[in-house]
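Student: only geometry, no sequence info:
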DNA sequence: ACTATTTATTACCCATGGGTAATATACGGG
DNA sequence: CCCGTATATTACCCATGGGTAATAAATAGT
């Protein structure tokens, strides 16, 4: 508990037992164990954000401590305050980066040509892929209420921009006939919600790449409101990898039913 | 700060300025200001859960304190420990109630008759409506990592039951021809994700009732994978077996996929 | 080298909030 | 009316973790 860090760290951290003069990975901390810290300020600031967003996602904002963030960067907590005012500002910056990325998606999609449906598909793919990245997940996994009043309003405004892009494309699609008549607001909620949820379950390194998920979702979701049955050739049910690794869906539909029975709201034990 | 509660509360709480002998609302606390506390234990336990789930949803689990929960019930924090071992157990019980409710949905849906698509629609409606309730929101707004190891496993198991119900119905629908060929796993993620997100944005008292949202979502989402354009303009899904199995194939080669370029990860500035 | 500035470190502060101990009050049964 | 049990209350404990003050080490300029 006492020694967060030995003064001259005679003993190396040894979580990476190799020559310490070079970082073992390109995504490592720019603070090499002790000496040779001469990188530019902005690089360090971004490194803090990378470490923070990872930790916030891994552990959750409230369980991740600034000591944890600092330790991952080979520094100590007060050093973080050279770059940020406090924990909530770090959180806000994660969000800001996410919003910059999504704003790029919207801008490029809007700049392109095509029907409302085309643009909706394009945005869906880009947004879905963003949801498989750390800063994309920031947009949907963190809690607005952890921000200061001012920053919260900023984020809410950015969130509204995203929602409006989806709605506008849907409305445009209805107008140009590429999208079934529907309520743009609810349809946007349905699509964006599905995409946002990717940020909750997707884990890189699984059997699916972010791009594959994005394309599959774009088909599945837009087909729901596309006028006319866009029937893909065989869609890709037996596509690239094998799906049935974790798909023990051979159990029949009668699962779970028996156990539930009545809602016995007599949950009365304890002690 | 000092006086959480006056010993004999000569001054009434006066947030409800009426005769204090009867609760002003049916959803009020069973602990009337001070005397006449003789209700059954289970009722009080459930009242704690109702207050807790509301507060956890309003403020977030970590910001909501047990003092807050107790205050809302006209009691003090240690009294809660007569009914629960700790904060995380309260959270777990909220989750448990939610899972009982959703297990009922699955059981009733599975017990019914109809094609895979019919069952998928039925479950979608029920699940969507559940997502507009407090205990339904518990399922998607709270964080597994706040639970003890043992309780976390219980919840994860229950979550897997939900996922499998969706997958099974989709797989059954593919088998009986009511659902387009697709990857059941991803399709279930897409649908369930969209529904889960309802728990994040829906607020009772808005312009839409839970039921209306549920029915609209059921149409919007299942149409995405239903084979044949089930063309029901006048939002009246509660019919069974209207899935016209006619396959109006109309080609529409997919575009959109390849167009998404590389996102320039060259974010230069950042203060 | 000397000095100013930046950037890190050690050693704290302290508000928060979950949880507990000791104790008081209500209630039900004899 | 008295006592045992259940259920509340007051008054604490204390681990956690965000944040700060004082200070030391590295860096850049001259």
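Tutor: Thanks, I have it. Computed from a predicted model, the values in this text were never measured in an experiment. Residues are numbered from 1 along each chain as shown, chains lettered A, B, ... in the order given.

Student: Go ahead and confirm residue A:51 touches residue A:71.
Tutor: No: Residue A:51 lies out of contact with residue A:71 (C-beta atoms under 8 Å); the separation is 9.3 Å. For every residue, glycine as well, the C-beta is placed using N, CA and C.

Student: between these two, which one's more packed in?
Tutor: residue A:51 (23 against 17; other C-beta atoms under 10 Å in any protein chain shown).

Student: Excluding chain neighbours, give the residue nearest to the more buried one in space.
Tutor: In space, residue A:51 comes closest to residue A:72 once its chain neighbours are excluded; the distance is 4.7 Å by C-beta to C-beta, 6 or more residues apart in numbering or on different chains.

Student: And for residue A:166?
Tutor: In space, and not counting its chain neighbours, residue A:166 is closest to residue A:188: 3.9 Å by C-beta to C-beta, 6+ apart.

Student: Look up the pLDDT of the one you found for me, please.
Tutor: On the pLDDT scale, residue A:188 is placed at 94.

Student: mind checking how far it is from residue A:182?
Tutor: 10 Å (C-beta to C-beta, to the nearest Å).

Student: who touches both of those two?
Tutor: Shared contacts of residue A:188 and residue A:182, defined by C-beta atoms under 8 Å, 6 or more residues apart in numbering or on different chains, comprise residue A:170.

Student: neighbours of residue A:188, just the number please.
Tutor: If you count neighbours by other C-beta under 10 Å, residue A:188 ends up with 22.

Student: all helices of the stretch 151-271 of chain A, in order?
Tutor: Per DSSP state H, counting those that start in this stretch, the stretch 151-271 of chain A carries helices over the ranges A:184-201, A:210-222, A:257-260.

Student: Measure how the longest one sits relative to helix B:210-225, angle-wise.
Tutor: Relative orientation of helix A:184-201 with respect to helix B:210-225: 70 degrees, computed using axes from the mean of the first three to the mean of the last three C-alpha atoms, to 10 degrees.

Student: Now helix A:184-201: buried residues?
Tutor: For helix A:184-201, the neighbour count (16 or more other C-beta atoms under 10 Å in any protein chain shown) marks A:184-199 as buried.

Student: Return the residues in contact with the residue of chain A found nearest DNA strand D.
Tutor: Residue nearest to DNA strand D within chain A: residue A:86 (3.0 Å; C-beta to the nearest atom of the strand). By C-beta under 8 Å, 6+ apart, the contact list for residue A:86 is empty.

Student: ok, and the closest non-adjacent residue to residue A:139?
Tutor: residue A:98 (4.4 Å).

Student: Run a quick neighbour tally on that neighbour.
Tutor: Residue A:98 has 25 nearby residues by other C-beta under 10 Å.

Student: Tell me how far it lies from residue A:61.
Tutor: 14 Å.

Student: next one: residue A:131
Tutor: According to C-beta to C-beta, residue A:131 and residue A:61 sit 18 Å apart.

Student: ditto for residue A:116
Tutor: From residue A:116 over to residue A:61 (counting by C-beta to C-beta), the distance is 37 Å.

Student: And for residue A:210?
Tutor: On the measure of C-beta to C-beta, residue A:210 and residue A:61 end up 23 Å apart.

Student: the more surrounded of these two?
Tutor: Counted by other C-beta under 10 Å, residue A:210 and residue A:61 do not tie: residue A:61 has more neighbours, with 21 against 18.

Student: Test my guess that the more buried one contacts residue A:146.
Tutor: Yes: contact status for residue A:61 versus residue A:146: in contact at 5.8 Å, counting by C-beta under 8 Å.
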